[in-house]
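Chemist: Sequence first, then the predicted structure, then my questions.
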Amino acid sequence: MAGVGFRLTKYFTEKDFYKNVKGSIYSIIISSGPWLLSVISIAILGVFAKRSLNNHDLFVFKSIISYSFAFSLIFFGLIELPLTRYLADKLFVNDMSSFRNVYLIIGAIFFVVGGFLSFFFYSFFDWGIDLVLLCVSLLVSILLTWHSMIFLSAAKHFHQIVLSFLVGTISSIVFGLVLGFYFGLIGYVAGFTLGQIIQVVLLARNLFYEFPGYDYVVYDVFDYFVRFRMMVLVGFFYYLGIWVDKFLFWFSDVGTHVEGLFYTSQNYDTAVFLSYLSIVPSLAVFLVNVETSFYIKYSYFFRAIQKKNDLKFLESAGNDIILSFQNAFASLIRIQAFISILLWVFASEVIEYLLLPQTLTPIFRYGLVGSFFQVLFLVLNIALLYFKEVRSVFLNYFFFFLTNGLFTLLTLKFSPDLKYYGFGYMLSAALTFFISFYYLNKTLKHLNYITFMRQPVNQAIEAKLG
Amino acid sequence: MSDICLFLEGTFPYVTGGVSSCVHQLIENSPQFDFSIFYIGGGSEKHKDYKYPIPSNVSHIEEFFLFDYSVVPDVKLRSIGDRIDITLLESLYRCSANERPGIFEKVYFDLIKPYDLDWEPLEILKSIEVWTMLERVYHEQFSKGKGPSFIDFFYTWRFTHYPILRVLNGDFPQAKIYHSLSTGYAGLAASVASVQNKKPLIITEHGIYSHEREIEIYNANWIYEENLDFRAKKQLSIFKEWWIHLFHFMGEFAYHRANCITTLHNGNAEKQIKYGAKEEKIEIIPNGINVDYFSSLPKIKSNKFTLCMVGRVVPIKDVKTFIKAVAAIFKENQSFEVKIIGPVEEDPEYYQECISLIEFYELNEVIEFTGKVNVADYYPKTDLVVLSSISEGQPMVILEAFACGIPVVATDVGSCESLIKGSSKEDKEIGCAGRIVPFGKSGVLAQAIMDLMNDGEELARCGNAGFKRVQQYYRESDNIQKYENLYQRYLEGVG
């Protein structure tokens, strides 16, 4: 969200190691906190759970969590962009009076609809009502965590936010271990869920603290879902694109049926999730660097238009946006390329160190390259969204969804063993990167044209002429 | 196909006023002709009721709303290729912004010629080619130093060009003669229709459109002006100049294309020539009035002298100067009463100011606002009509007063002087039908009114002169006859 990077830069302006580390942690948590911390807590829980759970129950536990993540993200994707846009517009005019209201209204929708859908989903399992209710609570709390994240990027008290995540993560691990020790599978689920609930309650408490409430109720946020209908699809297809290869693996011949509607494909999932971790630094860097320098130039450009500057001035302000984006993007590529290449070279050592089978190494390598392109095209598309090129972003993400699905199917069909698994995802991410680059390049080249010509013709002047 | 297609901008049948009444009279009294109407409006009158009954010889009414954006098509930003020659749009821009006579003829024909091609104005407006052209002309025009606000340049361009392109692309009714009751958008549309269908064009102007818009824009506060603090006092902002040029440009367009240009009086004709009309095309057709109706109204003699002002209570009528004049007269003579006849709702603020002024001079007992009434009920009791306007065309009020045998004291605007003193030599011999005073001078106005109030003989003489003049030169039937002759001439010309 616009501006959060700006507020984070103050941690990097001076050479104060403590401040820099603090800034880095804040950036990482804000950019990729929930899933990063969840991956860590599942990994830790997994190690201990192996001792008290049989293989089947361990799979069930992991499936509950990954299904909760997958479906909550896809569902959340429907709402993410219009809501982000709403908050950004309000922040632009410095009006946060409706934030608490909107947080509660949309949160309630997530609570009811998410709860209902997940209850329906888990009703296909041959489980007791206690486990079903726990799983429903887990999905709803993760959903509400995503929801809170959008608002958090408008917040200022990073310290409190990070603390909420730490308390939540540690609670998940500790309660999971304790309850798991006594009650087995249901104990692990209950403990993990309890931690996530604590986390989302703490986050909500922070938001209430940041954004004061007012007595009136505003529904103007719903206009955004009508006005920016396409954004709903953009978010949906982005997350569906991220998960479609996993889904295909789960339901393919190499996938395994766990229980009820749960399927998994352990090798593929593990290797690809592991490779996702490689882009965490990039996301944090993007948040601070790209958003900051880019956002300053970006808002300067639009204010220059409003301030009635001449065309020469606007053209140079437009060029400044391009230059700052080029610089930030180049440094992002450098950092991410360094990390990705390093991990690629030492892929088999990393796999070995994590006590995973070596057969995962090629999938991990494809995953690394794929993640590299994915984080780059993500950044390009975020920039496109800044220029309101929703249609292009939709095409990019839809393309990603389609090709990721198609190429994954092809690798599944033609790969003799798991040597080429992940190749489809890699190819798809790379191609999506190229078309995203093409669109952004085109947009930046015609920045003034697009900015001005897209203004609606029905400006209020007719009233003045009448 | 109708005989005559009238192009009406912001008048009949939606808006009441001088032009609208004339149009109504003309149509109603010419049943031998079949009329169609092309109405051009801003858009606010859409879905409103007609203000006039539509005569049965109007076979077709079409409406075109310049600033109606409810039907704006959804157009993607893209190239228009070579579907339209961009250099033509560039010349159109240059004409509208810089008013260089000479180029427009080419633009005019070349732009309209590809009319049969299917183009959507908005597609052109939003195309990359047009944008590139705009960037180029902006840089060329403001190559030195700081240029004007680009966002205002852009919007001015868009707001000036979108309606023009829509008019150029318009679909107009078939007719044997195109007759526009103003220049401006109606004149432009009628010109296009006349080119498309190769039929003659008549332009009639009651007021001079370009001139009126110029005054409006001069006072407009919705157009951005840079350096408002010091420079604006000396010169207009480029955006105001642009708008003024645009209207002059459209006016010149219509004058150029017109076979015949008519207006009410010589003063207007001089302005038209100044704005580019050829003298030999101009014909004077004054307003006409139903003299028999007004002269048949019974005379009612009251014991108090009655002074009337007829008109809307708005700044352009300068009611305040009239009130001040009444105050001056009241010091000398208390036995008279004043009626201000006309709607007061149009500018409530101004009306309130007038009320305050009346209270200030303690004239509550003397001056009465009647609101909107039938003036025919008031003329019989009226001894003298006053017109204090700062701008007029050929006011119907004066003609009505004359037809009732009432003299008039009017300001020296529009054709008031030639109405009161006569225009041609024979006309002048009829004599003076009242007094002419400079506008905005309450003392002189008061003196002129008192001259007539205190001299019953002169008052009667003026009343007679007015009645003779109106009978001889301003009969409705003559006025309509002149238009009919004009139509007949071109209908026969067409064969």
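Modeler: Arrived safely. Residues are numbered from 1 along each chain as shown, chains lettered A, B, ... in the order given.
Chemist: Which residue ranges of the stretch 251-400 of chain A form strands?
Modeler: For the stretch 251-400 of chain A, strands defined by DSSP state E, counting those that start in this stretch occupy the ranges A:256-259, A:262-264.
Chemist: who in the stretch 251-400 of chain A is up against chain B?
Modeler: Selection of the stretch 251-400 of chain A residues close to chain B by Cβ under 8 Å from any Cβ of the partner chain yields A:I305, A:Q306, A:K308, A:N309, A:D310, A:L311, A:K312, A:F313, A:L314. C-beta here means a position set from N, CA and C on the backbone, and glycine is covered the same way.
Chemist: right, so the strands of the stretch 251-400 of chain A: which one is the most enclosed?
Modeler: Greatest average neighbour count among those goes to strand A:262-264 (a mean of 19), per mean count of other Cβ atoms under 10 Å in any protein chain shown.
Chemist: Next, check the residues of the stretch 251-400 of chain A next to chain B against the helices and list the overlap.
Modeler: In this view, these that belong to helices under DSSP state H are A:I305, A:Q306, A:L311, A:K312, A:F313, A:L314.
Chemist: can you list those in JSON lines and add neighbour count and pLDDT?
Modeler: Formatted as JSON lines, those follow (neighbours: other Cβ atoms under 10 Å in any protein chain shown; pLDDT from 0 to 100):
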{"residue": "A:I305", "neighbour count": "19", "pLDDT": "88"}
{"residue": "A:Q306", "neighbour count": "9", "pLDDT": "85"}
{"residue": "A:L311", "neighbour count": "20", "pLDDT": "90"}
{"residue": "A:K312", "neighbour count": "16", "pLDDT": "91"}
{"residue": "A:F313", "neighbour count": "17", "pLDDT": "91"}
{"residue": "A:L314", "neighbour count": "21", "pLDDT": "92"}
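Chemist: Dump the strands of the stretch 251-400 of chain A to CSV, plus mean pLDDT and distance to A:G213.
Modeler: Below are the strands of the stretch 251-400 of chain A laid out as CSV (pLDDT from 0 to 100; distance: least, Cβ to Cβ, whole Å):
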stretch, mean pLDDT, distance to A:G213
strand A:256-259, 84, 44
strand A:262-264, 85, 41
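Chemist: picking that back up, could you export the ones in helices among the residues of the stretch 251-400 of chain A next to chain B to a markdown table, including columns for distance to B:E337?
Modeler: As requested, those are exported to a markdown table (distance: Cβ to Cβ, whole Å):
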| residue | distance to B:E337 |
| --- | --- |
| A:I305 | 60 |
| A:Q306 | 57 |
| A:L311 | 63 |
| A:K312 | 66 |
| A:F313 | 64 |
| A:L314 | 64 |
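Chemist: In those, find the pair that's most separated.
Modeler: A:Q306 and A:K312 (16.8 Å; Cβ to Cβ).
Chemist: so what pLDDT did the spatially most central residue of chain B get?
Modeler: The structure's chain B has its C-alpha centroid closest to B:G207; by Cα atoms, centre = their mean the separation is 3.9 Å. B:G207 is assigned 84 on the pLDDT scale.
Chemist: Pull up the gap between it and B:N268, please.
Modeler: 8 Å (Cβ to Cβ, to the nearest Å).
Chemist: try B:V366
Modeler: B:V366 is 36 Å from B:N268, by Cβ to Cβ.
Chemist: ok, those two, which is more surrounded?
Modeler: Higher neighbour count among B:V366 and B:N268: B:N268, with 23 against 19, using other Cβ atoms under 10 Å in any protein chain shown.
Chemist: and that one, which of the three is it?
Modeler: State at B:N268, reduced to three classes by DSSP: H, G, I helix; E, B strand; the rest coil: helix.
Chemist: which residues does it contact?
Modeler: B:E205, B:G207, B:I208, B:G393, B:G414, B:S415 (Cβ atoms under 8 Å, 6 or more residues apart in numbering or on different chains).
Chemist: Next, the nearest residue to B:A327 once chain neighbours are set aside: phi, psi?
Modeler: Among residues not flanking B:A327 along the chain, B:Y361 sits closest, at 4.0 Å (Cβ to Cβ, 6 or more residues apart in numbering or on different chains). When read as degrees, to the nearest 10, the backbone of B:Y361 gives phi -90, psi 0.
Chemist: again, but for the one 10 residues further on
Modeler: The phi/psi pair for B:G371 (degrees, to the nearest 10) reads phi 80, psi -160.
Chemist: Counting neighbours, what do you get for it?
Modeler: Neighbour number of B:G371 under other Cβ under 10 Å is 12.
Chemist: Equivalent analysis for B:F253, please.
Modeler: Considering only other Cβ under 10 Å, B:F253 is surrounded by 23 other residues.
Chemist: got it, and B:Q394?
Modeler: Using other Cβ under 10 Å: B:Q394 sits among 22 other residues.
Chemist: buried stuff in stretch B:195-211?
Modeler: Judged by neighbour count using 16 or more other Cβ atoms under 10 Å in any protein chain shown, the buried positions of stretch B:195-211 are B:195-196, B:199-211.
Chemist: returning to that earlier point: B:K46: which of the contacts of B:N268 is nearest?
Modeler: Of the contacts of B:N268, the one sitting nearest to B:K46 (Cβ to Cβ) turns out to be B:G207, at 24.4 Å.
Chemist: Let's verify the residue of the stretch 201-350 of chain B with the smallest separation from chain A: helix, strand, or coil?
Modeler: Proximity of the stretch 201-350 of chain B to chain A (Cβ to the nearest Cβ) peaks at B:W222, 3.9 Å away. Under three-state DSSP, the three-state class of B:W222 is coil.
Chemist: tell me the phi and psi of it?
Modeler: phi -90, psi 0.
Chemist: need the residues of chain B near chain A, please.
Modeler: Counting by Cβ under 8 Å from any Cβ, chain B sits next to chain A at B:42-44, B:66-69, B:72, B:77, B:122, B:125-126, B:128, B:131, B:135, B:138-139, B:142, B:146-155, B:158-159, B:162, B:220, B:222, B:224, B:226.
Chemist: Great, nothing more from me.
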